[in-house]
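using only what follows, build the 3D model:
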Amino acid sequence: MYKLGVMGDRDSIYGFSSVGADIFPVEDPAEGARLLRQIADEYAVLFITEKLAAAMDAELSKYRARTVPAIIPIPGVSGNTGIGMKNVSRSVEQAVGSDILPD
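Coordinates of the predicted model:
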């Protein structure tokens, strides 16, 4: 059975444990990449803070073509960096053939 996981700095992800998600406090991109390789096959959805996702882009690109896990960037406590919306825009453009979302 697949699970829900959240990776990022502790302050940003701690609350997700209250809804049953497994949390993985990670701030170092190298440690995050190593952890992702270890847990990817166990999780259907992995939320990763935008700051960590930006630093792990090379590692995350290996998972973009896979259906599981769905890796979704989320804003951290430091705020929204726009990475999540850029990923949504890229996916919509790939599916539709044109960027139809407003800037």
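
now the helices for the chain?
Assigned by DSSP state H, the chain shows helices spanning 10-13, 29-39, 50-55, 57-60, 83-96.

which one of those helices has the lowest average pLDDT?
For those, the weakest mean pLDDT is recorded on helix 83-96, namely a mean of 61.

what about Asp9, neighbour count?
Applying other Cβ atoms under 10 Å, we find 16 residues neighbouring Asp9. Just so you know, the C-beta spots here come from the backbone N, C-alpha and C atoms, and that holds for glycine as well.

and it, its phi and psi?
phi -70, psi 150 (degrees, to the nearest 10).

for it, what are its contacts?
Listed by Cβ atoms under 8 Å, 6 or more residues apart in numbering, the contact partners of Asp9 are Pro25, Val26, Glu27, Thr49, Lys51, Leu52, Gly76, Val77.

those: which two are farthest apart?
The largest separation in these, counting by Cβ to Cβ, is between Val26 and Val77 at 14.6 Å.

and those two? which has more neighbours close in?
With neighbours defined as other Cβ under 10 Å, Val26 and Val77 compare such that Val26 has more, 22 against 13.

verify the stated contact: that one with Ala33.
No - counting by Cβ atoms under 8 Å, Ala33 is not a contact partner of Val26; they are 9.4 Å apart.

perfect, I'm done here.
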